[in-house]
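**Q** Sequence first, predicted coordinates after that:
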Amino acid sequence: MENLTERVATLVEALPYIRKWAGKIVVIKYGGHAMADDELKRQVAIDCVLLHYVGIRPVVVHGGGPKIDEVMDRIGKKSERVAGLRVTDGETMEIAQMVLVGTIQQELVSLINASGGRAVGLSGKDANLIVACKKEMGDIDLGYVGDVVSVDRRVIDTLLDAGYIVVISSIGVGGGGQSYNINADTVAGDLAAALGAEKLLVLSDVPGILDDVNDPESLISRLSLGESEALMTTDKIGKGMIPKVEACVRAVSGGVPRAHLIDGRIPHSIIMELFTDAGIGTMIEAGAGD
């Protein structure tokens, strides 16, 4: 009986949040350990299906750098990076597209469908969803690394209205149909803003932003936009986290009320963030603390 009472209490706690988020778009940046652990993959899929059935409209964005590295190593192709960005020649672009669209995306779509949802995979090339241009970095030629120019949300709206969960690979399209490899965090931030999302959830391998990077208990639970931008100039945010914080800043600057950096290593972290009083991770919002 005690266990049943606890379960009912959990459902009652979730009710105000279900009511609050119903009908709203939530963009989820899927990455980190949650993409490498089979059980965490399954839990992310289940979380997305649960969101759908309580009336929330989830849109999932993913990258796949480690998997691309794995395939490149397998064929003996050297991976080169500049400032954390993969130099992408024509062959590397083909590999990236194959891995992102043909492997990672289809795996997540299949997991969501097997969990009772109806998922559809898109890349930025579908219906010119993500128009991109070549990323410039001074005299350094990064090849087919792109920046987002614009997002055409119409195909996403059509699929969401028809009851589908949308999974998007971080590939953009430029002039002449050229594919561009875009940082998935950047895509998630820009997409959340273009969709007028209620929230952006960024899954990573850390609890959130820490006041002391060596102390996991020093989690900063809430930051304003200005505070987040200021922190990026300090050593409190490691290089690997900067693109994720930048994505949150881009989303909130673009009108998304709140963006969250959460620990994707925690089982059902998406549900914990959305449907509990405590929440987890670091929340960034315009004006908080200013």
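**A** The structure has been received and is ready for your questions.
**Q** and residue 251, how far is that from residue 259?
**A** Residue 251 sits at a distance of 5 Å from residue 259 (criterion: C-beta to C-beta, to the nearest Å). For glycine as for every other residue, the C-beta is placed from the backbone atoms N, C-alpha and C.
**Q** With residue 111 instead?
**A** Applying C-beta to C-beta, the value for residue 111 to residue 259 is 25 Å.
**Q** Compare the two (neighbour count), which wins?
**A** Neighbour count, other C-beta atoms under 10 Å: between residue 111 and residue 259, residue 259 has more, with 33 against 21.
**Q** doesn't residue 252 make contact with the more buried one?
**A** Yes: here residue 259 reaches residue 252: they are 5.4 Å apart, a contact under C-beta atoms under 8 Å.
**Q** burial of residue 212, as a residue count?
**A** Using other C-beta under 10 Å, the number of residues around residue 212 comes to 10.
**Q** Doesn't it lie inside a strand?
**A** No: counting by DSSP: H, G, I helix; E, B strand; the rest coil, residue 212 is not part of a strand but coil.
**Q** wait, what's in contact with the nearest residue to it once chain neighbours are set aside?
**A** Sequence neighbours aside, residue 218 is the residue nearest to residue 212 in space, at 4.3 Å (criterion: C-beta to C-beta, 6 or more residues apart in numbering). By C-beta atoms under 8 Å, 6 or more residues apart in numbering, residue 218 lies in contact with 210-212.
**Q** any idea how far residue 218 lies from residue 207?
**A** 9 Å.
**Q** Let me know the next secondary structure element after the one helix or strand residue 67 maps to.
**A** Per DSSP states H and E, residue 67 falls inside helix 65-74. Tracing the chain C-terminally past helix 65-74 and defining elements by DSSP H and E, one meets strand 81-82 next.
**Q** what about that next one, average pLDDT?
**A** For strand 81-82, the mean pLDDT works out to 83.
**Q** Please list the outside residues in contact with that strand.
**A** With contacts defined as C-beta under 8 Å, 6+ apart, strand 81-82 is touched by 87, 137, 140, 142.
**Q** Most neighbours among these, which one is it?
**A** If you count neighbours using other C-beta under 10 Å, the busiest of the contacts of strand 81-82 is residue 142, which has 20 neighbours.
**Q** Cross-check the contact I'm expecting between that residue and residue 89.
**A** No: using C-beta under 8 Å, residue 142 is not in contact with residue 89, being 9.7 Å away.
**Q** can I get the contacts of residue 218 in CSV with distance to residue 45 and pLDDT?
**A** What follows is the contacts of residue 218, written out as CSV (distance: C-beta to C-beta, whole Å; pLDDT from 0 to 100):
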residue, distance to residue 45, pLDDT
210, 29, 83
211, 33, 80
212, 34, 76
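**Q** Show me the common contact partners of residue 251 and residue 259, please.
**A** 189, 192, 200.
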